Structures are given as structure tokens and as C-alpha cells.
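Enquirer: Return a 3D structure for these sequence lines:
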Amino acid sequence: MSVGKEEKVMSPTLVRCALMVTTLVAGLLAASMARADDYEVIRQRRWEQKMKYASSAPAQVAGLLAVMDPNGSFTDINYASDSDARNHVKRLGKLAQAYQYGSYQDPQIKDRIYDGMEYWLDLDPVAANWWYNYIGYPVELWPPLLLMREELRNDDPDLLQRGVDYLQEAWEADPGYRTGANLLDQNDIRISRAIIADPEQPGTLTDAVVTTGDELDFKAVVGVQKDWSFTQHCTFGLQLHSGSYGSVFAARVGSIAWGMRDTSFAMSAQDVDQFENFMLEGMQWMSYGNLVDYGTQGRSNTRPGTSSYSNTSTGAKALLAPLDDLVEMNSPRQAELQAFRDRIYSDSRTSTNHISGNRMFWRTDFQVHRRRDYYTSVRMTSTRTVGNEAGGGVYTDGLPNEGRMNYHMGDGVNLILRSGNEYDNIAPVWDWRHVPGTTVEQSANPNDPLPMHYSGQGGLGGTDYAGSVSDGTYGASGFHFLRDNVEAKKSWFFFEDEHVALGAGIDAAGATYPVHTSLNQSLQSGGVTYRSAAAQQSLASGVTNLSDPDWVHHDGVGYLFLGAAGNVTLQAVQQNGSWWDINRKESAAPISEDVFSLWVDHGTTPTNAGYSYVVRPNIYAFEMDAYAAGLAIEVLSNSSTVQAVRHNGLGITQAAFYAAETLALTPTVSVTTDQALMLMLEQADDDSITVSLSDPKQREDLTVNMTFENWWLTGDGALWDPVLGVTDVSFILPGGDDAGRTQKRTYSVIPEPAGFVLLLAAGLPLLLGGGRWSSPGLTSSRPPGPVNPSHCR
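Expert: As a prediction, the model looks like this:
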């Protein structure tokens, strides 16, 4: 110890504080370094996404440079056109891909990219359609900015910053349409901006991931619905858009989830699970091979390629990227995702990758029924929902560009698919007053214009009755249709190999033209065979009017009429049109297709008219007579108050009650309900019956009371009255976002021994066993269930 100096020793507290500060600083530095690594990882993944299909870009360079002015513009682009101006930034992306592809890096191309960026940012075009300003243009500008980021940092950081500012302004200047898929589009641009900026913007990345997770939550209006359908443009009613905006939404979520995985910005496991369920419980049910159901596409159904089974970039193939993203992330339901992906990639439905079942989307008045080798659906509307919209900007006539003939696309459309080619690009030549499944007043000319529902305006259904019942394997839909001069009760009953369509109460007192119910209108594939007046005949082309035909067969699908069919028209003719007719953004080049059409003619001013027929996919014409002779289906009622069908082979009865009514199930057993509802009864071999029902009017907290006469049921909510011989059953149906959803209970069926009332009178207990209760037509010989019942929950 030195003499004359006092040694200062730090207290233990100060030592601990110093250590804590040191540790904190070290942690912050480590976190900062980790964040820096995360930026590079995310940037590299986005780079890979944009370079994935760059191999064709170098071949386009010469052509692009040839039409590029020294000032950076393209001489063949009309910059006053919203859509054409977008090609400027698209081409910059192609040039950037070419520059970065392999060792192609040519200084001339780089300079021309810079010239093009400067021209665009100086011009700063303002489109008439908001979408281009906030999504269409920015989404095409960020890829060349990202691909050229390092070069710009070294050569022209001011130009890089101008590009980042352009992307920033597109986010900050909210046009008021930032919902659903549009929000995810803008959110994806925001992520790109955050990693292109120098320095990066960590707060923006964090906010973007939170926004993505929030949008995966169930929504009451725009976005993912409780039933896993997707809606957009809902100002005038919920609009089903799974096959259009839903596909865009899926692509954006998949890109974000994949790009952020295993970094400090990764989406939560819960959000990834929700996204996975959206793909499997929603999107895959509406996809068949490479097709996405046209009724789910909004106005996109009038764009070339969206109804093409073989198109490589639209339809279900637009879902390949998000499916690839999820599979690579090894998410929990990977096997199902791979099967979904394989069906799209290979265009095959094998014993291991197909899905079978019935799925109701009660939020959007839509039902899908599918087996391995066929797909069918029903698209309805109500006072809650609207049909396929028109929109996509306004043409010079002041009317929407796209979806110009979509007026009846929510009026009970019943599509039928086997090969997937049935409606391949048929839209330009379709007779839009004979959309399959609909009951519509005709016009003097099939090509006469129809009213347009801009963004869904005016597209609501005419009543509140549109809904379905489903147990995941079988199901039914009921629809009180009312539009313009036509009112009808329409229902569809889906079984194992076929479905039944019933129509009743068809009234059109104010109609000027005939009212037709269209069974189908598809591309003609081979000849048509039919039986009428006890003779089997064929039609290669032309039109024939039939009176009470027995059946018609075309392209592997049989149409069997139940009872007197009335006046039926069978048509196999060439139909003409153009994409421009239905979408003013497309070509006016004439298109011709041979088209098969089949419809029932109800006359000009029908009163209480009806129809009943069976649709049987996957059958040959020579099998139709035997099929009709052995038909296991019985129509129990086809009236304006109840439509019901029983499948005796399956032991299933399905009914659409439009009011309180009694339905005879057998000569001795009946059911009475005090409410309009959808009902399905399934009797099993173990003396049990499953009752499934739903409220197609979607009322809040509804109590439904049913009485089964001469049917002794025990179970939840069942009360047997031995004196009257009836069982009363009550259901309390859910409201809110679950209103319209199927509720299901299983009851035991108790046999009725002779003289049981006397036993009761003697005071004996109600413990009767043994012996199977049965009634004609209510026994079951059900085939095995679907290959993978987990799909059919």
C-alpha cells in the first residue's frame, strides 16, 4: 500500500450495475447483429423469389432496349393509360432480372434501368383507378429496386432513396380501400420497402408481420370468414371472392410467412396454423385440379385463362406458390398440403391425394360437393350476400370494364365438373341467361345486355332464405329465389353418386319472355343421347324440343327427369362472342365454340311451375335405362313450403322447409317443424338417427322445435309423449358468425313393442330393449365413407 494516498474501491452494487450495463450493451449489440443478419436473410429470400423465373429475361433485352427512348421512356407505351403505363415498371423488372441473371451483368443494361427509374419517378403518373397508384405501380417497382439495390447504393444512392420514398408514399397515402387482399398487397410492398431502404426499417417489418397476423383472424365483413371462405368488396353485402382476391391474399401471406421464417420477424405458429387451415378448409374445397370455381372469382371469371383448366398461371395454379411456401416450412398438416399441391401440379386425383365430402360455406351462401371423380357446387345469394360483381374500372360508355354479364352468377348456379374442361374459356360465348342451375327470364336476343352490379351494388338476393345443411359427407341447399319478374323455390340434394335438383312455386306473372331453368351449358364433347317417347335417340348438332323426355346424356353426365319433365330444349350448336363483350380490357377478336345446352321451358308467365331431375356424373349413355329403373331416390315433397328427397339406399332424408310444415317421411312417420330450416336425417345400422339442421335465414339465437310422429327418440333435447306417440325435439341455433351453421345431434331409436301404452299405464318403467325399429325406406346400406374423413369435419 502506498503511503499518503487513499485507495478507492467500487462497492458491490456498482460492480453489479456495471456488469448489467456491460451485459445489456453486449446483448443489444448481439441483437443488432442478429437483426442485420435477418435483414440479409429476408432480402436474399425475396431476391430468390424474383429471380426464380428469370431465365427467359435475357432473351427479352434486345426487344426492350429497341423501344426505349434515351430519356428512359418506352416509345410503345401509352402513359395516359393506367394499365399500359404499368408496363413501364414491369419492363424495368425484366431488365433487372436479365442484368442479375448469371454473369450477364452488362453496364449498358444497368444504365438503362437507372434511366427508366428516373423517368418513372420524375413522371410520377397518377392513374384514374386508385389501385394502380397504391398497388399496381408500387408492386412492380420494388422488384427492380431490390434487384439493383447494391448497385444503386454504390452508383446512385439518391435514386435508391427516391424509389424508397415512392414506396413509402404509396403506403402513407391511404385511399380508404386498405382491407383484405388489398391490405396484404400494400403490406407486402411495405416489407420490400423496409429491406430495400438504406438503412433498413426494423419497425416497419415488425408492424407488417403483426398486420399479416391480424388479417388472418376471422372477420365480420372483408377477409377470412368463420367458414374459411374469403370476402372482398362487401359494401353492399358479403361477396365471395376466394378464387380471386382470396388467391392474392394467400400468395401474399405465403410469401411473407416463408420469407420471414426462422428470423426474429417470423410469424407466430398460431398465425401459420390459421393460414394452413385457410388453405385446406377453404381454398382446396373450391379447387378442382387446376380450376377454381367460377362462382368464387368475382369479376375475374371474365378474364382469359381464369376458366381454363390447362392455364399455367391462373386458376388453382395461382395457389402453388403459397402451397410450396407452407410445405417448405414443414407446417403441421404437411401431408394434406402436399396432396393439394400434387392435384394441381399433376392434374390427377388419385386414391391417396383426392378429397371427398360436402362442405357448406354458410357465411357466403355457397356449397361444394365432391368425390374423387367429380365436383359440383351451388352459388346462391340472399339479403346478406351479393353475386359475382362487375368492376375493374369504368369503360368509355360509363359502365364497368369487367364482369359485364355476371348478373345471374349468384342465382343458384350449379356447376358440374368431371374432367375439368367442361367450361374451358367458355365465358365469351356463354349464354348468360342460361347459366347452369339458374331459373331466369329470357330476352329477345341471348346477347342482350344485362344489368351490372358494380362492386356488388344491387347484387343482393331477393330474400333472406339461402343456406345449406351438411354433415361433411352429404348435404343439401335451399334457396328462395326472387329477382326481377321471377320467384322460385330451388333446392339441391347431394348424395354419393348423384344429386337431385327440385324447383317449385315458379311464378313470373310480370314476365315478357319465357322463363327457363338451365340444367347445364358446357362445351360440347361428342354427341348427345336422349330417351324420349320410349325411343333412344342421338343428336350430333342442332336444336330439338322434347316433351316429357326420360333422360339426356352428354359428356359422361346423365340428366334423369323425375316425373313429367314438361317442355325441354336440347341444344348442340356453335355459339359466338368475344372477350371484349364481357370485359372491355380484352380483345374483340371473335371466338366460336360448340356448346351443349339443356333447359326446361316454363312458359312466359308461369304460375306455380316446377321441375325435378337427377344429375348423375360418371355414367355411360347405355347405363341410363338401368340406372333409372333401379333409382334409389324418392321425392317426398316438391312444393313451395317444403322440398324433400329420400335416398333409400343410404338411409338419408334431406329437406328444405320454407315455412312451418309437416313432412311425411313414411306412410306412418312424419316430422313437423315450427320454423323454416334445412334438415337432414341419417339412419344408421345401430338403431340411431343423426339429425342435422341449420337456419338458412340466419336469425339470431333461434329455437327450433320439431315433432316426430310415431318415432320414439331418446337423447339430448328429446321428449317422448307415449300418449300421443310423438317425440318433441328442440334445438337452439347459434347466432353471430355461426348463424346458418349446421348443428348435429344423434338420437337412439327405441322400438315400439305392441301394447307398450298398456305397459306404461300399468306403471312399468320405460326400459324397453331388444329388436330393431324400422320403417320402409329408412334403413341404411351406406357405402364406406371418404378416404380421409379428416377433410370432412
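Enquirer: ranges for the strands of the stretch 301-450 of the chain?
Expert: Taking DSSP state E, counting those that start in this stretch, the strands of the stretch 301-450 of the chain run over residues 357-361, 366-371, 374-379, 385-386, 391-394, 400-402, 413-417, 439-441.
Enquirer: Report all helices and strands that the fourth one contacts.
Expert: Under the contact criterion of 3 or more Cβ pairs under 8 Å, 6 or more residues apart in numbering; DSSP states H and E, strand 385-386 touches strand 238-239. (Glycine included, C-beta is placed from N, CA and C.)
Enquirer: who touches the strand it packs on?
Expert: 221, 225, 231-233, 298, 363-364, 384-387, 389, 456, 459 (Cβ atoms under 8 Å, 6 or more residues apart in numbering).
Enquirer: try 10 Å
Expert: Strand 238-239 is touched from outside by 220-222, 225, 229-233, 245, 298, 363-365, 381-382, 384-389, 410, 453, 455-456, 459-460, with contacts defined as Cβ atoms under 10 Å, 6 or more residues apart in numbering.
Enquirer: Likewise for stretch 202-212?
Expert: Applying Cβ under 10 Å, 6+ apart, the contact partners of stretch 202-212 are 32, 35-36, 38-39, 42, 168, 171, 178, 183-184, 186-195, 197, 201, 252-253, 255-257, 260, 263-268, 271, 275.
Enquirer: buried residues in that stretch?
Expert: Buried residues in stretch 202-212, counted by 16 or more other Cβ atoms under 10 Å: 202, 204-205, 208-209, 211-212.
Enquirer: ok now it, how far from the chain's centre?
Expert: Here stretch 202-212 is found 28 Å from its chain centre; the criterion is Cα atoms, centre = their mean, to the nearest Å.
Enquirer: wait, Tyr375 sits on Leu417?
Expert: Yes: with contact defined as Cβ atoms under 10 Å, Tyr375 and Leu417 form a contacting pair (4.3 Å).
Enquirer: Which ones among the buried residues of stretch 202-212 map onto helices?
Expert: Taking DSSP state H, the ones among the buried residues of stretch 202-212 that sit in helices are 202, 204-205, 208-209, 211-212.
Enquirer: how is this structure carved up into domains?
Expert: What the record gives for the chain is the domain set 366-631, 636-792, from automatic domain parsing.
Enquirer: Of those domains, flag the one that's most buried.
Expert: With neighbours defined as mean count of other Cβ atoms under 10 Å, the domains of the chain peak in mean count at domain 366-631, which reaches a mean of 20.
Enquirer: end to end, how far does that one reach?
Expert: Across domain 366-631, the terminal residues are separated by 28 Å (Cα to Cα, to the nearest Å).
Enquirer: circling back: may I see the buried residues of stretch 202-212 organised as CSV, with distance to Gly72 and pLDDT added?
Expert: Below are those laid out as CSV (distance: Cβ to Cβ, whole Å; pLDDT from 0 to 100):
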residue, distance to Gly72, pLDDT
Pro202, 33, 92
Thr204, 29, 94
Leu205, 31, 95
Ala208, 31, 96
Val209, 35, 96
Thr211, 34, 97
Thr212, 35, 97
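Enquirer: Now the two most distant members of the residues you listed.
Expert: By the measure Cβ to Cβ, the buried residues of stretch 202-212 have their two most distant members at Pro202 and Thr212, which lie 15.9 Å apart.
Enquirer: returning to what we had before: could you flag which of the contacts of stretch 202-212 are buried?
Expert: Neighbour-count burial (16+ other Cβ under 10 Å) applied to the contacts of stretch 202-212 gives 35, 38-39, 42, 168, 171, 178, 183-184, 186-195, 197, 201, 252-253, 255-257, 260, 263, 265-267, 271, 275.
Enquirer: Quick check: helices, which of those residues are part of them?
Expert: The members of those that map onto helices under DSSP H are 35, 38-39, 42, 168, 171, 183-184, 186-195, 252-253, 255-257, 260, 271, 275.
Enquirer: Confirm for me that Gly243 is in contact with Tyr294.
Expert: Yes: taking contacts as Cβ under 10 Å, Gly243 lies within contact range of Tyr294: 7.5 Å.
Enquirer: between these two, who's got more neighbours?
Expert: Between Gly243 and Tyr294, counted using other Cβ atoms under 10 Å, Gly243 has the larger neighbour count: 28 against 25.
Enquirer: so what pLDDT did that one get?
Expert: Predicted confidence (pLDDT) for Gly243: 97.
Enquirer: Cool, thanks, talk later.
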